[in-house]
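*Asks:* just coords:
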């Protein structure tokens with residue numbers, strides 16, 4: 001039994017050490033997310049503090065390459081703090097269902113960032 005468990009542990013360790021598939025990691029585009037007055041007004045009943053959230057965070061939309069595919073995502077960073085913990089936000093759904101929007105990113109990722117986290121989120125490839 002101990003030998004079998006040791007074999008499993010060694011196999012898992014070797015798999016974890018093996019280099020993964022190469023990711024391009026090239027940033028294609030990054031821009032500051034700016035919500036229109038209409039969008040802010042629409043979001044306020046759902047998130048009354050949306051304007052306060054946006055005043056406390058830098059919210060960027062980005063596009064990067066992963067295995068040659070362009071992947072869109074968001075980065076929310078508090079305006080205060082130097083070294084901060086990071087949350088990797090994985091959305092639910094598939095395809096367009098559950099896709100991140102500027103409004104949702106401002107609401108959810110922005111709120112997490114106001115708690116002192118850098119928040120990175122991406123769409124599915």
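*Replies:* Arrived safely, thanks for sending. Everything numeric in this text was worked out from a predicted model, so none of it was measured. Numbering: from 1, shown residues only.
*Asks:* Tell me which other helices or strands the host helix or strand of residue 77 touches.
*Replies:* Using DSSP states H and E, residue 77 falls within strand 69-78. When contacts are defined as 3 or more CB pairs under 8 Å, 6 or more residues apart in numbering; DSSP states H and E, strand 69-78 sits against strand 57-66, helix 110-114, strand 118-122. C-beta: built from backbone N, CA, C; applies to glycine.
*Asks:* mind listing what the most centrally placed residue in the chain touches?
*Replies:* The centre of the chain sits closest to residue 121, judged by CA atoms, centre = their mean, with a distance of 1.4 Å. The contact partners of residue 121, by CB atoms under 8 Å, 6 or more residues apart in numbering, come to 73-75, 88-91, 100, 105, 109.
*Asks:* Make sure residue 114 is actually in contact with residue 55.
*Replies:* No: with contacts counted by CB atoms under 8 Å, residue 114 stays clear of residue 55, the gap being 9.4 Å.
*Asks:* which one of these two has more residues nearby?
*Replies:* When residue 114 and residue 55 are compared on other CB atoms under 10 Å, the one with more neighbours turns out to be residue 114, at 18 against 11.
*Asks:* just to revisit the earlier point, now the residue nearest to the centre of the chain. Nearest residue, chain neighbours left out?
*Replies:* residue 89 (3.8 Å; CB to CB, 6 or more residues apart in numbering).
*Asks:* do residue 27 as well
*Replies:* Using CB to CB, 6+ apart, the closest residue to residue 27 is residue 64 (5.1 Å).
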